[in-house]
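> This is a predicted model, with the sequence first.
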Amino acid sequence: MAGFKTLDDIGDVKGKRVLVRVDLNVPVADGKVTDATRIERVAPTITELSGKGAKVILLAHFGRPKDGPDPALSLEPIAKATGDVISKPVAFAADCIGDKAAAAVAAMKDGDILLLENTRFHKGEEKNDPDFTRQLAANGDLYVNDAFSAAHRAHASTEGLAHLLPAYAGRTMQAELEALEKGLGNPVRPVVAIVGGAKVSSKIDLLMNLVKKVDALVIGGGMANTFLAARGSDVGKSLCEHDLAPTAKQIMIEAAQSGCAIILPSDGVVAREFKANAANETVSIDAVPADAMILDVGPKTIETVNQWIDRAATLVWNGPLGAFEIAPFDRATVAAAKHAASRTREGKLVSVAGGGDTVAALNHAGAADDFSYVSTAGGAFLEWMEGKPLPGVDVLKA
Ligand SMILES: Nc1ncnc2c1ncn2[C@@H]1O[C@H](COP(=O)(O)OP(=O)(O)O)[C@@H](O)[C@H]1O
Ligand SMILES: O=C(OP(=O)(O)O)[C@H](O)COP(=O)(O)O
């Protein structure tokens, strides 16, 4: 891979402490990992380094802790899940810096694997604070970044560490960039993007550039509600970031100027509770009851989405169209995923999808294997698509 050092350049790692940044931000329900794709994708890097006798020290975040350590966002259960995927024990330390981390690292033998607690339990992580970064670096001789899906974050463990230790791209980082370049480096038009999901505030800005790159943008999931509200629709109690309505309006103006069609839901499946099999009804998008929330796009919208998939030569997808984890609000996501998979199988579509939950949704639909490429990354993938610099990648090239 041009511009980087990879594991092919790392030399003899026997006995060396290698800090490996991975993305273990996996979907979890009732304490169980519901989709292990991200763990499976970083497994080759972990097993390769461990097999060569390195002490493999995994750094990762989990969720978005607001105020220091949060037991609900501990990585401890993920250590076991990682061990299950790689068929080796993965030890766990209750902090990523300080005495607990140092003691756990000191106890490691060559080839051992250790996962340190959620890096985001310290404010220094997201601030890329030099002092915090030095404390992380104290436990390593070398640094490997295999977290492409977090490479859009300039955090201590994704960017800062590469300034302090000899830095290398892991196998997944390398493979993701190569696959995206191959699939989307020079996409066949028309290019249709589907963007849904729930991370509205962290993804809405990048839609401003995306509409300049694609021919049509289908907006679903929680993301659609902010656009619907900006357009004047009442979305009741739906997930919606009303303060981002001006941004949504600006994106719609930008899209019109760039000749990018924006497709918003025309109907929705609404419920009063966010739970599986909640009583629900399908309503026109302009008739959402004030006490209800849109949890999926409706059948008319599914038809429209599928028509746009039919028109596309290239499909780019991040974010489910509805709350796919809870039946029956998975209907639109499953229908669109199956349709895109079948067009891809017929050789009529290049389909590239990404994101922790999007991958889980495609797996749920039984469609992932038929997509041209499934990335572990959502936000990072869209930023790569925009042509935005990814700090976690650029620092490896420095
Ligand atoms: N209408 C909706 N209301 C609430 N949550 C939604 C809705 N549509 C999708 N979601 C949620 O969005 C989440 C995924 O969003 P996001 O994290 O942005 O995707 P990814 O991880 O693929 O990048 C899922 O947990 C899903 O339940
Ligand atoms: O799940 C992730 O991104 P994604 O939801 O865009 O796929 C990454 O772990 C990054 O997480 P963040 O968006 O909290 O920085």
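That came in fine, so what should we check first? Ligands and ions are numbered 1, 2, ... in the order given.
> and the gap between the residue of the chain found nearest ligand 2 and Lys199?
Of all residues in the chain, the one sitting closest to ligand 2 is Gly378 (2.7 Å; Cβ to the nearest ligand atom). The C-beta positions use only the backbone N, C-alpha and C, and glycine is treated the same way. Using Cβ to Cβ, to the nearest Å, Gly378 is found at 7 Å from Lys199.
> Would you enumerate the residues in contact with the residue of the chain closest to ligand 2?
By Cβ atoms under 8 Å, 6 or more residues apart in numbering, the contact list for Gly378 reads Ser149, Gly197, Lys199, Lys203, Asn318, Gly319, Gly354, Gly355, Gly356, Asp357, Thr358.
> Write out the residues of the stretch 201-350 of the chain neighbouring ligand 1.
Gly221, Gly222, Leu239, Ile294, Leu295, Asn318, Gly319, Pro320, Gly322, Ala323, Phe324, Glu325 (Cβ under 6 Å from any ligand atom).
> which element is the fifth one on?
Think Leu295. Assigned by DSSP states H and E, Leu295 belongs to strand 293-297.
> Could you list the residues in contact with that strand?
By Cβ under 8 Å, 6+ apart, the list of residues contacting strand 293-297 reads 220, 224-225, 235-239, 265, 267-272, 274, 278, 280, 285, 288, 305, 321-323, 326, 328-333.
> tell me the angle the helix or strand that that strand is followed by makes with strand 293-297.
Counting by DSSP H and E, the next helix or strand C-terminal to strand 293-297 is helix 299-311. Interaxial angle, helix 299-311 versus strand 293-297 (axes from the mean of the first three to the mean of the last three Cα atoms, to 10 degrees): 40 degrees.
> who's in contact with helix 299-311?
Counting by Cβ under 8 Å, 6+ apart, 190, 192, 194, 216, 218, 220, 263, 265-268, 282, 297, 315, 321, 331-332, 335-336, 339-340, 343, 349 sit against helix 299-311.
> Tell me how many other residues surround the closest residue to ligand 1 within the stretch 1-150 of the chain.
Using Cβ to the nearest ligand atom, the single residue of the stretch 1-150 of the chain nearest to ligand 1 is Pro27, 7.3 Å away. Applying other Cβ atoms under 10 Å, we find 19 residues neighbouring Pro27.
> Repeat that for Val195.
Val195: 26 neighbours (other Cβ under 10 Å).
> now swap in Leu217 and tell me
25.
> What pairs with the helix or strand that contains it, parallel or antiparallel?
Per DSSP H and E: Leu217 is located in strand 216-219. Within its sheet, strand 216-219 is paired with strand 191-195 (parallel), strand 261-263 (parallel), according to DSSP bridges.
> average pLDDT for the helix or strand that it is followed by?
Sequence-wise, the next helix or strand downstream of strand 216-219 (DSSP H and E) is helix 221-230. What helix 221-230 shows for mean pLDDT is 98.
> circling back to that earlier point, buried stuff in the strand holding Leu295?
Neighbour-count burial for strand 293-297, counted by 16 or more other Cβ atoms under 10 Å, picks out Met293, Ile294, Leu295, Asp296, Val297.
> Dump the residues you listed to JSON lines, plus pLDDT.
Formatted as JSON lines, the buried residues of strand 293-297 follow (pLDDT from 0 to 100):
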{"residue": "Met293", "pLDDT": "98"}
{"residue": "Ile294", "pLDDT": "98"}
{"residue": "Leu295", "pLDDT": "98"}
{"residue": "Asp296", "pLDDT": "98"}
{"residue": "Val297", "pLDDT": "98"}
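> which one of those is nearest Ser372?
Val297 (23.8 Å; Cβ to Cβ).
> picking that back up, out of the contacts of Gly378, who's near ligand 2?
Restricting the contacts of Gly378 to those near ligand 2 - Cβ under 6 Å from any ligand atom - leaves Ser149, Lys199, Gly355, Gly356.
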